[in-house]
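Visitor: Here is a sequence with its predicted model. Questions after.
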Protein chains: 2
Amino acid sequence: MENSGIARGNIARQANKKLRRQRILDLAVRLIASDGIEGFTINRLAREARVSTPTIHNLFGKKNDIIKELVSNLIQHMGGLAVKSPPIDPIENAKFFIGNIITEFEKNTDFFRVALMSAEQLGLFHPKLPNGLHQQAQQVARPRKEWYESGLLLGNIEPSVIRETVHNSNRLGRLDWASGYIDLNQMRRQVLQNIFLAYASDASPEYHVRLCEEISSLNSQ
Amino acid sequence: MENSGIARGNIARQANKKLRRQRILDLAVRLIASDGIEGFTINRLAREARVSTPTIHNLFGKKNDIIKELVSNLIQHMGGLAVKSPPIDPIENAKFFIGNIITEFEKNTDFFRVALMSAEQLGLFHPKLPNGLHQQAQQVARPRKEWYESGLLLGNIEPSVIRETVHNSNRLGRLDWASGYIDLNQMRRQVLQNIFLAYASDASPEYHVRLCEEISSLNSQ
DNA sequence: AACTAAATTTACTTAATAGTAAAAACTGGA
DNA sequence: TCCAGTTTTTACTATTAAGTAAATTTAGTT
């Protein structure tokens, strides 16, 4: 285990092992994406990877460890989506975030689909779980102080209510996409529409007009 | 098969068969509710029902037929939820519907949980499926003409947008409950909050005030 | 080239599944 | 009470899963 004198060819071996692992993990994602977690077996993964089953066990441990790894990768990826410099305007802000998410999802469709569904089935989005998925997402959904200070939002409705609804909009959109109910374009439309509606419920008359325009332009395209 | 002269004791037999079927179906629901659809097997059902496996096959056919039956029962139940005389006021209307749903869910908790989850996993809420689940639910969520005529809602936002958001609120609430994320009280709160927010986005100033009051009273209890 | 630890495979075990044919038991009705 | 048809059970097949020990092969280092 130490990289002292004992292990001779360990530096290169570990690196190669990582590559093989990744190759097989990618394949696993593709398999689960096409046939569901149900139909996913170690045997099948081994066969398709042109490798024997003990090799899979050697590289990943038990079957569930593969899925655990996917989900932990998901949590990392999702964390990376909270970007530094979002626009100040609420509408632009919402578009910016959903745009980022879609870019990521497009880059790695199978992975996100599979990981989101696994996480859902494992109950990992449960509000009380300490993996931070829920808390993180709630944080991103919070309306900003500036929006109230500049009078775009009035504050007649508790910011936490807005936040919860925006959070739910994102959540349902992701779920519908991962379930295959809608594609990424439809997800964008649905999520933005729900978010704009939430903002409209507490918007100043002027900003309300802008939100209405945005909503109808979402549906006219 | 005919109830003519051939089959002698068939009238009573068929009735008893129905009773046994129902007893075992109820047990199946309880088993799935406690251990998930994953852990549900014909063997286990037979064991717990103190019956042999071929008996299960005799009564239900293949394994999936049991789940199909649950889901078709669900569709029937859900259809019965669209009641004749809902209140005219939007707020009361929303409370009325969610109240009905909760009453039903409480009456038959395990059944609804299991059936909703099964339906979800089978993709039965897919908008394009001809089982009517989706269309039915969309119909119920539609804002009424009277609300626009009486000036409670202004019509600055397309009614279909409101409908979609209300529908989504109901859907997510049911899903969160079935997933065990929230209990029925929390479901009520979450769904009503989201619906009121949707109405608020297009409400007249006077009705907007009432909606805001309702929302904050939801969160103070 | 040769050595050695790591990685892979062969060949297997254990355990659980869905489903079935045929014998046995049971049930309602005459 | 006894009979015929229904229902259940016994005892089984066939399939498939996860996982493992030991032999074999492979790969990096010297």
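Guide: Okay, I see it. Numbering: from 1, shown residues only, chains lettered A, B, ... in the order given.
Visitor: Wait, a helix at A:Ala46?
Guide: Yes. Checked against DSSP: H, G, I helix; E, B strand; the rest coil, A:Ala46 lies within a helix.
Visitor: any idea how far A:Gly155 is from A:Glu149?
Guide: A:Glu149 sits 10 Å away from A:Gly155, going by CB to CB, to the nearest Å. (C-beta placed from N, C-alpha, C; glycine too.)
Visitor: and those two? which has more neighbours close in?
Guide: A:Gly155 (13 against 10; other CB atoms under 10 Å in any protein chain shown).
Visitor: Can you pull the phi/psi pair for the more buried one?
Guide: The phi/psi pair for A:Gly155 (degrees, to the nearest 10) reads phi 90, psi 10.
Visitor: what's the closest non-adjacent residue to it?
Guide: Of all residues not flanking A:Gly155 in the chain, A:Tyr148 sits nearest, at 5.3 Å (CB to CB, 6 or more residues apart in numbering or on different chains).
Visitor: does stretch A:106-123 come close to chain B?
Guide: Yes. Contact of stretch A:106-123 with chain B (CB under 8 Å from any CB of the partner chain) involves A:120, A:123.
Visitor: and if you look at stretch A:68-79?
Guide: No. If you take CB under 8 Å from any CB as the test, stretch A:68-79 misses chain B, and the best it gets is 16.0 Å.
Visitor: in that stretch, what counts as buried?
Guide: For stretch A:68-79, burial by neighbour count (16 or more other CB atoms under 10 Å in any protein chain shown) applies to A:69-71, A:73-75, A:77-78.
Visitor: In terms of helices and strands, where is the closest residue in space to A:Ala33 that isn't next to it in sequence?
Guide: The shortest distance from A:Ala33 to any non-neighbouring residue, by CB to CB, 6+ apart, is to A:Asp110 (3.9 Å). Secondary structure assignment for A:Asp110, by DSSP states H and E: helix A:109-121.
Visitor: Quick one: residues in contact with that helix.
Guide: Helix A:109-121 has contacts (CB atoms under 8 Å, 6 or more residues apart in numbering or on different chains) with A:29-30, A:32-33, A:37, A:67, A:70-71, A:73-74, A:77, A:104-105, A:125, A:133, A:174-175, A:177-180, B:179.
Visitor: List buried members of the residues you listed by neighbour count.
Guide: The buried subset of the contacts of helix A:109-121 (16+ other CB under 10 Å) comprises A:29, A:32-33, A:37, A:67, A:70-71, A:73-74, A:77, A:104-105, A:125, A:133, A:174-175, A:177-179, B:179.
Visitor: So which of the residues you listed sit within helices?
Guide: Under the assignment DSSP state H, the buried ones among the contacts of helix A:109-121 contribute A:29, A:32-33, A:67, A:70-71, A:73-74, A:77, A:104-105, A:133, A:174-175, A:177-178 to helices.
Visitor: nearest to A:Arg189, of those?
Guide: For those, the closest approach to A:Arg189 (CB to CB) belongs to A:Trp177, at 11.5 Å.
Visitor: contacts for the helix or strand of chain A with the lowest mean pLDDT?
Guide: The weakest-scoring helix or strand in chain A, judged by mean pLDDT, DSSP states H and E, is helix A:133-141 (a mean of 84). Contact partners of helix A:133-141, identified using CB under 8 Å, 6+ apart, comprise A:75, A:78-79, A:81-82, A:97, A:119, A:124-127, A:163-164, A:166-167, A:170-171.
Visitor: Mark which of the residues you listed are buried, thanks.
Guide: Among the contacts of helix A:133-141, those classed as buried by 16+ other CB under 10 Å are A:75, A:78, A:97, A:119, A:124-126, A:163-164, A:166-167, A:170-171.
Visitor: Next, format the buried residues of stretch A:68-79 as a markdown table and append pLDDT.
Guide: Formatted as a markdown table, the buried residues of stretch A:68-79 follow (pLDDT from 0 to 100):
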| residue | pLDDT |
| --- | --- |
| A:Glu69 | 91 |
| A:Leu70 | 91 |
| A:Val71 | 88 |
| A:Asn73 | 91 |
| A:Leu74 | 89 |
| A:Ile75 | 85 |
| A:His77 | 88 |
| A:Met78 | 84 |
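Visitor: Quick check: which of these are also close to DNA strand C?
Guide: When contact is defined as CB under 7 Å from any atom of the strand, the buried residues of stretch A:68-79 do not meet DNA strand C at all.
Visitor: Near A:Ser204, how many other residues are there?
Guide: By other CB under 10 Å, 14 other residues sit near A:Ser204.
Visitor: Per-residue confidence, it, what does it come out as?
Guide: pLDDT, A:Ser204: 98.
Visitor: Please name the nearest non-neighbouring residue to it.
Guide: A:Ser204's closest residue in space is A:Gly151 (CB to CB, 6+ apart), at 5.5 Å.
Visitor: Repeat that for A:Ile66.
Guide: A:Phe60 (5.0 Å).
Visitor: Now do the contacts for the one you found.
Guide: A:21, A:24-25, A:66, A:69.
Visitor: and the gap between the one residue in chain A that gets nearest to DNA strand C and B:Asn168?
Guide: Using CB to the nearest atom of the strand, the single residue of chain A nearest to DNA strand C is A:Pro54, 3.0 Å away. For A:Pro54, the distance to B:Asn168 (CB to CB) stands at 47 Å.
Visitor: So those two - more neighbours on which side?
Guide: When A:Pro54 and B:Asn168 are compared for neighbours, B:Asn168 comes out ahead with 23 against 10, by other CB under 10 Å.
Visitor: Determine whether the claim that that one is in a strand is correct.
Guide: No. Under three-state DSSP, B:Asn168 sits outside any strand and is assigned helix.
Visitor: what sits against it?
Guide: So B:Asn168 contacts A:169, A:172, A:190, A:194, B:194 (CB under 8 Å, 6+ apart).
Visitor: Pull the most distant pair out of those residues.
Guide: Every pair of the contacts of B:Asn168 checked by CB to CB; the farthest is A:Gln190 and B:Asn194, at 13.8 Å.
Visitor: who has more neighbours, the two?
Guide: Neighbour count, other CB under 10 Å: between A:Gln190 and B:Asn194, B:Asn194 has more, with 26 against 22.
Visitor: Spell out the secondary structure type for that one.
Guide: Per three-state DSSP, B:Asn194 ends up helix.
Visitor: As CSV, the buried ones among the contacts of helix A:133-141 with distance to A:Thr41 would be great.
Guide: Compiled in CSV, the buried ones among the contacts of helix A:133-141 are given as follows (distance: CB to CB, whole Å):
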residue, distance to A:Thr41
A:Ile75, 25
A:Met78, 28
A:Phe97, 37
A:Ala119, 20
A:Leu124, 22
A:Phe125, 26
A:His126, 27
A:Arg163, 41
A:Glu164, 40
A:Val166, 39
A:His167, 36
A:Asn170, 33
A:Arg171, 30
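Visitor: residue ranges with poor pLDDT in chain A?
Guide: Along chain A, segments meeting pLDDT under 70 span A:1-9.
Visitor: Around chain B, which positions in it sit nearby?
Guide: Counting by CB under 8 Å from any CB, chain A comes close to chain B at A:120, A:123, A:125-127, A:156-158, A:160-162, A:164-165, A:168-169, A:171-172, A:175, A:179-182, A:190, A:193-194, A:197-198, A:200-202, A:208, A:211-212, A:215-216, A:219.
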